[in-house]
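In: How does the following fold in three dimensions:
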Amino acid sequence: MDEQTAARHEIMELSHRYARGLDRFDPAEALSAFSDDAVWDATPVGLERFEGREAIRGFFERDAAAVADQFHIITNHIVEFDGPDTARGTNYVFSEGHSTSGAKFRAAALNEDTYVRTAAGWRISSRVISALTPPELEGFEA
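Out: As a prediction, the model looks like this:
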């Protein structure tokens, strides 16, 4: 496997680790996909924007406490390299679940990412989430 193919595989795995962490209610695992100065921005879907690992961790912890069950399927990865240590890409995410109050949610979204190679390996430095189809929110308040 050449270096760029290996890097592409590592980058794609970041989104899978993020999704698994969310679905296992493990904020530390979800956060492990991000760089220290990362931005997680879901303002296009009516949520918030968080800058830095601690702010993102706080959101993931609140989410884990408010959600009873959920799953994320992440697919259709495209990764393009801007240089040896930077890249950008997109992937689709389908998510469904219930809040602890019983509200149901379902969404198909686009993640637009930037990636950076750190001493610990590739990490997501920015993720902007926008809807691909209108989200279904039954009794759910963002």
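In: Can you list the buried residues in the strand ranked longest in the chain?
Out: Under DSSP state E, the strand in the chain containing the largest number of residues is strand 67-83. By neighbour count, with 16 or more other Cβ atoms under 10 Å as the criterion, the buried positions of strand 67-83 are 67, 70, 72, 74, 77, 79. All C-beta spots, glycine's among them, are computed from the backbone N, C-alpha and C.
In: Which helix or strand contains the residue lying closest to the third one once chain neighbours are set aside?
Out: In this case it means residue 72. The spatial neighbour of residue 72 that comes closest, neighbours along the chain excluded (Cβ to Cβ, 6 or more residues apart in numbering), is residue 19 at 3.8 Å. Counting by DSSP states H and E, the element that carries residue 19 is helix 3-23.
In: Identify the residues contacting that helix?
Out: Outside of helix 3-23, the residues within contact range by Cβ atoms under 8 Å, 6 or more residues apart in numbering are 1, 26-34, 60, 63-64, 70-74, 77, 79, 81, 87, 89, 91, 93, 111, 113, 115, 117, 121-124.
In: Mind giving me the ChimeraX select for these, buried ones only?
Out: Here is the ChimeraX command that selects only those of those that count as buried (16+ other Cβ under 10 Å):
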select :27,29,30,31,33,34,60,63,64,70,72,74,77,79,87,89,91,93,111,113,115,117,122,123,124
